[in-house]
Structures are given as structure tokens and as C-alpha cells.
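Peer 1: What follows is a predicted structure for the sequence shown.
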Amino acid sequence: MKALIKFLLVCYLFTTAYVQAIEIKGLFEVEVTALSQSREDRNAALREAMGIVLNRLMVGDNINQDATVKIALDNAASYVDQYQYDLNVDAKTGSGARVMRVAFNEEMLMELMRSSRLAIWNEIRDEVLVWVVVEQFGRQAILDVDNNKEVERALQAAAKLKGVPILLPLMDLEEKQKVLVADVLSAYPEKLMQASERYDVAAILSGKLRQQRGCWRSEWTLSFNSKIEQWTVPCLDLTENLAVTFQNVYKPLASFYAVKADQEGMGVVVLKIAGINSMTAETNIKAYLRKLPMVSSVKWVKVEQGQHVFQLKTTGTQAALQEYIALGRELREKGVDMRDSSLLYEIK
């Protein structure tokens, strides 16, 4: 009965909310630790970095074991645009570990991921609203970002590692009066769902982080796509605990939004876009279209009655392409040109 009530409440939320999506920056960039600047340690760090990037863009039970991915990981250096080292001195031991910042070539990795035939989740992603109760020294309270920077920074870092955009509640005076600790942890989350409506999100993560001797335990509920998933994370370092947490958040979201490449289903779609008034705007739109996971190439054709005509080579269905464009904030759909079945859009 409890699960049914929660299910119905979530259904209500997702049928009434208008979801905003954002473009995530830096999905092809990551920081890892390198033992030294030797060639062997550098290549090991680059392999680890590439694995992190691919696992925040692709969907699969064991992505690193995909035949195409395995070969690419062994040659990770060939996909790198740039990297640099920073020395990070451990205050306890005095030893210096080198932090390597790596930026991978976006076009090369997109081509690799398409050839792997695994599903791809692109940069246009919905925010996840996170309600979290923190228990420390026997006291429970909804996370206050001003008074608990450690947990807030750890949440943001773990979410960024998986490329999951998160939104923390404002916790203004009105919200503090309406939402209590018991509401976040309740099996009957009616108040929490009502409070969440102001944020217009498709996914809500709620749970509790409990600090114990030298470690943190947590328990979570993810409400998404009219479904509820629950899990617990055993006592771990705060960073490790939240890394596991957001891996569990990533899986259902990526599985829902990802598009699987299908080279046999390659087709051509024509877009006519109004409102492009400069070369810069045209360049930006071409770059945006190239980032869509089912798009293998974008060709500008001509200007026709004030509309810029683009020819896209795509995999998957035209409906999937339209859904992905609808998630973004760049283009507004205007219908179909019945003369040639091209898709009509305008700049937002």
C-alpha cells in the first residue's frame, strides 16, 4: 500500500510538471590522479580518465568490456586534446600526488561511441532535485548549504563525476516552514512532492546521510518516470558513498534518455530553421545539432525564404531526433513542411 501511494503521487507530479533541461558543460573533461609524470603512469591516468568520461555518456552493464571501448581505452592518449598536471600535497603524509586535468576530443569520442553500438546520453540533461537529511552527532536536519559545506561540495562533486545536473532546494523561509525532516524521510511523501512542484523537475532524489565513526551510511529514494527506486549505501568515506549514490541515479536516467546507434538505420533528415540572423548563430546551431547522439553529420544547404536549411545524417528514428531537440532550449518546433516533409524550427 505504501509503495502504491508513493507511485500515485509521483505519477501526479510528472503529469503536471513542465520539465526544463540544461546543457551540461565539461562532460569530456575530467581530473584524475597520476602517480608520476612517467609515460607509464601518464597512460594509466589517461586510460582511467577516458573510462570516467565514457561512463558518464554511455549506457551498459559493463561499458569498459565492450570490444570497441576496450581497444580505445588501450589507446586513450590518441583521443586527448590536452592535459596538464597540478601537484597536490597530502597534508598528512607530505607526499605529492599529481592531479591530471584531461580534456578529450569531443568529435573523436562521439564517433567512437557511435561505432560501439552502445546507447549514448548526450549533453542535454534534466536536473535532479535533491532533498537530503544529514544526521551528525545524533541530530538530523535538512541540508543547509551555508552551514554544511562539506556535504554540499561532496554532493556537487559526485554529481559532476557522473554528469548528473542537480538542484538543491532553496530552503527559504516558506520552504523551511512547509518541509520538515519527517517529510523528506516519510513513506507518504505528499508534502515533499507538493514542495517539489515549484522546481519543475522530472526526477527527485531524497534520502538521509548518517555520519558514523569515520564513515557515512546513506539511504535513498529516486522518483523518476512514474517509478520509484530505493537503495542503501554501506558505511564508506563520504566521497565514495556519494559516488555509489550517483551511479545509481545515473543508470535509470541514462537508460531512459539514451539513444542507441543503429548504423543500418542511417537516414537523412532536413531541418528548416528560422531566426538565424548571423554567421555566429549559424555556427552555434550547427555545433548544437552535431552534439545530438543520433546525428553523425550536419550540412548547411541554403537559405530559403528566410529559413536556413540543414541536412542531417542520423541514426535511429526521426521521432527520437525531435524528442532530443525538444529537450533543449535552442530550437522551438513549428511543424512539418508538407511539400518535402522537412522539419520546421525557429530559434528560441
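Peer 2: In hand now; what should we look at?

Peer 1: just checking, what packs against the helix or strand containing Ala154?
Peer 2: If you go by DSSP states H and E, Ala154 is part of helix 149-161. Applying 3 or more C-beta pairs under 8 Å, 6 or more residues apart in numbering; DSSP states H and E, one finds that helix 149-161 contacts strand 128-136, strand 166-167, helix 238-257. C-betas here are computed from N, CA, C, even on glycine.

Peer 1: Can you classify Asn122 by secondary structure?
Peer 2: At Asn122, secondary structure determined by DSSP: H, G, I helix; E, B strand; the rest coil is coil.

Peer 1: does it really touch Arg290, like I thought?
Peer 2: No: with contact defined as C-beta atoms under 8 Å, Asn122 does not reach Arg290; the gap is 10.4 Å.

Peer 1: Those two: which is more packed in?
Peer 2: For Asn122 versus Arg290, neighbours defined as other C-beta atoms under 10 Å are more numerous around Asn122 (22 against 15).

Peer 1: got a list of what that one touches?
Peer 2: 57, 259, 291-293, 324 (C-beta atoms under 8 Å, 6 or more residues apart in numbering).

Peer 1: Can you check the pLDDT for it?
Peer 2: Asn122 is assigned 83 on the pLDDT scale.

Peer 1: What of Lys178?
Peer 2: Residue-level pLDDT assigned to Lys178 equals 92.

Peer 1: excluding its backbone neighbours, what's nearest it?
Peer 2: Leaving aside its sequence neighbours, Lys178 sits nearest to Ala195 (C-beta to C-beta, 6 or more residues apart in numbering; 5.7 Å).

Peer 1: Kindly report the same for Asn105.
Peer 2: Sequence neighbours aside, Asp81 is the residue nearest to Asn105 in space, at 4.9 Å (criterion: C-beta to C-beta, 6+ apart).

Peer 1: Check the one you found and give its pLDDT.
Peer 2: Asp81 is assigned a pLDDT of 97 by the prediction.

Peer 1: on that earlier part again, in strands only, show me the contacts of Asn122.
Peer 2: Val259 (DSSP state E).

Peer 1: Let me have the contacts of Asn122 in TSV, extended by pLDDT, neighbour count and distance to Glu150.
Peer 2: Below are the contacts of Asn122 laid out as TSV (pLDDT from 0 to 100; neighbours: other C-beta atoms under 10 Å; distance: C-beta to C-beta, whole Å):
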residue	pLDDT	neighbour count	distance to Glu150
Leu57	94	23	29
Val259	75	23	37
Lys291	83	18	34
Leu292	84	24	38
Pro293	77	27	36
Tyr324	81	21	37
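
Peer 1: With distance to Asn75 and mean pLDDT as extra columns, can I get the helices and strands packed on helix 149-161 in JSON lines?
Peer 2: Formatted as JSON lines, those follow (distance: least, C-beta to C-beta, whole Å; pLDDT from 0 to 100):
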{"stretch": "strand 128-136", "distance to Asn75": "34", "mean pLDDT": "97"}
{"stretch": "strand 166-167", "distance to Asn75": "33", "mean pLDDT": "96"}
{"stretch": "helix 238-257", "distance to Asn75": "25", "mean pLDDT": "95"}
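
Peer 1: Would you mind putting the ones you listed into JSON lines with distance to Ala45 and mean neighbour count alongside?
Peer 2: Listed next are these as JSON lines, based on distance: least, C-beta to C-beta, whole Å; neighbours: other C-beta atoms under 10 Å:
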{"stretch": "strand 128-136", "distance to Ala45": "29", "mean neighbour count": "21"}
{"stretch": "strand 166-167", "distance to Ala45": "27", "mean neighbour count": "18"}
{"stretch": "helix 238-257", "distance to Ala45": "18", "mean neighbour count": "19"}
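
Peer 1: wait, which of these is closest to Ile204?
Peer 2: When the helices and strands packed on helix 149-161 are compared by C-beta to C-beta, strand 128-136 sits nearest Ile204, at 4.9 Å.

Peer 1: Pull up the pairing partners for that closest one, direction included.
Peer 2: Here strand 128-136 has these sheet partners by DSSP bridges: strand 139-142 (antiparallel), strand 166-167 (parallel), strand 203-212 (parallel).
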